[in-house]
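Visitor: Pasting the sequence and the predicted model now:
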Number of protein chains: 2
Amino acid sequence: MNYLGIDLGGTNVAVGIVSEEGEIIARGHRPCPRGNEPVAAAIVAACREAVESAGLQMQDICGAGLGSPGTVDSKRGMVVSAYNLQLDQAPLCQMISEELGIPVKIGNDANVAAYGEYLFGAGRESKNMIAITLGTGLGCGIVIDGALYEGFNGFAGEAGHMCLVPKGRVCTCGREGCFETYASATGLLLSARMAAKKHPECALNHVTGGDLDALDGKLFFRALETGDAVTQQVFASYVDLLALGLGSIVNLLQPEVICVGGGIAGAGEVLLAPLREALRAYDFAGNTERRVEVLGAMLGNDAGIIGAAMISR
Amino acid sequence: MNYLGIDLGGTNVAVGIVSEEGEIIARGHRPCPRGNEPVAAAIVAACREAVESAGLQMQDICGAGLGSPGTVDSKRGMVVSAYNLQLDQAPLCQMISEELGIPVKIGNDANVAAYGEYLFGAGRESKNMIAITLGTGLGCGIVIDGALYEGFNGFAGEAGHMCLVPKGRVCTCGREGCFETYASATGLLLSARMAAKKHPECALNHVTGGDLDALDGKLFFRALETGDAVTQQVFASYVDLLALGLGSIVNLLQPEVICVGGGIAGAGEVLLAPLREALRAYDFAGNTERRVEVLGAMLGNDAGIIGAAMISR
């Protein structure tokens, strides 16, 4: 049994044919255009490419799943709105299904990536899992008892907009002090730039050759490796705030696994080891043997394709 | 079909015979002793009293459910520990079941009370509900898709120990800044006493005749009614912090209903109306039509008995 998984992103439509065992056996790609019809057409083209490249026919595919950014109504099969892609009330499931002749389901991109990690990655032996993605924002997907949890209105998992610092940094959502303004990759780099401006001698200025606009995650961790005190202080504050937010999630839900992905998570144990320590202090069950496991994401960019394919089962 | 619901509290064992429709048709009581055997014996006696008082025989009862304070292992039917009652590794389900000859299930007291409100009270038309209890601490129970959610290790729903104010008030759990140190009834009264000491002229000192140890929820709301500025400021800060914590829960889980119970919730709309306003500002879906409903608990002290009975179904 094979399924099409579609990862709709700001720049690319990435499609994979995914086996029942979660393996991607062929791929298709298209640059992502803007607007309802062009996006649907690009998805259809990428799907056909993947099927051809696998040497299959569309009737060999059981169904397709689509992970989309923006506000998604999975029950009605629609993207309600995704500003970046200029999608507005887009009935993508129906549009794609009519072209391909197979059933199509849709989910939020962070949710379907979490579902992929749950089934075949970091969460594959767990009952409940929270996946967070530390990227431009802070994405969050919740899997409870084997199913994606979306809340009664589809808005669950907005951990990035939990208010952690009242009257803190202004968020893109218009609120203040949201978790993601500190704990996303963007938040870490903002803290680092602020510290680097105050401390011209610090390693953050060395690794960027003085051009702080060039600072990215890789350069940040290079500065951290030097043992520079300013960078270490920025990182310690970052880890503590990440643990503070995750601690609230853990005290509420006690998932068996927290899966940490996104650019910053590429640092691996450099991030995860101090994060586990810090989280344990916030976790009400931190001193018990049955406490949450914090694991790095395992599927990388393929989590979205694999998870999307699996929601179509 | 009738069920026994047992609410195990610090001073009393309260038992009810509960119909399938959630009505209590007879009751039994015993003072609550200390220690495994004495507690089990008191429960058995209160159950027999309730059955007799209903004019029934034990074989007319389908099963019993027990809501217990402390750390409960519902799978093994045990109270792992409840310091107040000096329960330690107490296999209460088995002990009671052997005496009464009916199956017995157990759950955390906040959880079973939430389940009662979900089935027959504030949550009875909802899919997902969070119940919080503003009392000595801040209790929390989570119902997802009609079932109590306990987390993989049984520790879920410890919303009271979400850290809201880093380096804030010291909590009974040993951590700092826990939600309940501010948002419980205890937290409100602590804030009120601190303000009253700073402002000898304020209404909080009038209503207590200058004896701040006598301040309780009722007297606090009497002072609030006078329009006193100091009391209003204390209350506004209380409501905002309560909304901050609930906002994080809502952004994560988007329950259809938040049910607010406990002593402080007795104030009704005086509390709930400003709480709804404040929560809306923190809620990522606050500007949508499908946002969480904040409702007062409806079953009062009977929620524990009714919910406990229902977990035995």
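Guide: Alright, I've got the coordinates. Numbers count the residues shown, from 1 in each chain, chains lettered A, B, ... in the order given.
Visitor: do the strand or helix carrying A:Val294 and chain B meet at all?
Guide: With secondary structure defined by DSSP states H and E, A:Val294 is part of strand A:293-296. No - on the criterion C-beta under 8 Å from any C-beta of the partner chain, strand A:293-296 is out of touch with chain B, staying 9.8 Å away. No exception for glycine: its C-beta is placed from N, CA and C like everyone else's.
Visitor: what do you get for stretch A:241-257?
Guide: Yes - under the criterion of C-beta under 8 Å from any C-beta, chain B is reached by stretch A:241-257 at A:244, A:247-249, A:251-256.
Visitor: so of those residues, which ones are in helices?
Guide: Helix and strand membership here follows DSSP state H; of the residues of stretch A:241-257 next to chain B, those in helices are A:244, A:247-249, A:251-253.
Visitor: Take those and write them to a markdown table, including pLDDT, distance to B:Gly121 and neighbour count.
Guide: Compiled in a markdown table, these are given as follows (pLDDT from 0 to 100; distance: C-beta to C-beta, whole Å; neighbours: other C-beta atoms under 10 Å in any protein chain shown):
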| residue | pLDDT | distance to B:Gly121 | neighbour count |
| --- | --- | --- | --- |
| A:Leu244 | 97 | 33 | 24 |
| A:Gly247 | 98 | 30 | 24 |
| A:Ser248 | 98 | 26 | 26 |
| A:Ile249 | 98 | 27 | 27 |
| A:Asn251 | 97 | 25 | 27 |
| A:Leu252 | 97 | 21 | 24 |
| A:Leu253 | 97 | 23 | 27 |
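Visitor: Now the next helix-or-strand element following the strand holding A:Val294: average pLDDT?
Guide: Once strand A:293-296 ends, the next helix or strand along the chain (criterion: DSSP H and E) is helix A:302-311. In this model, helix A:302-311 has a mean pLDDT of 96.
Visitor: what sits up against helix A:302-311?
Guide: A:3-7, A:9, A:14-18, A:22, A:24, A:64-67, A:105-107, A:109, A:111-121, A:148, A:261, A:297, A:299 (C-beta atoms under 8 Å, 6 or more residues apart in numbering or on different chains).
Visitor: Helix, strand or coil: sort out A:Gln59 for me.
Guide: Put simply, A:Gln59 is helix when judged by DSSP: H, G, I helix; E, B strand; the rest coil.
Visitor: A:Arg169 versus A:Glu176, what's the distance?
Guide: Look at A:Glu176 and A:Arg169: by C-beta to C-beta, to the nearest Å, they are 7 Å apart.
Visitor: Please apply the same query to A:Tyr118.
Guide: To A:Arg169, A:Tyr118 is 31 Å away according to C-beta to C-beta.
Visitor: A:Ala46 now?
Guide: Computed as C-beta to C-beta, the A:Ala46 to A:Arg169 distance reads 37 Å.
Visitor: for A:Gly262, same thing?
Guide: Between A:Gly262 and A:Arg169 the distance is 19 Å, computed by C-beta to C-beta.
Visitor: who has more neighbours, the two?
Guide: Set A:Gly262 next to A:Arg169 and count neighbours by other C-beta atoms under 10 Å in any protein chain shown: A:Gly262 wins out with 20 against 16.
Visitor: Read off the pLDDT value for the more buried one.
Guide: We have a pLDDT of 90 for A:Gly262.
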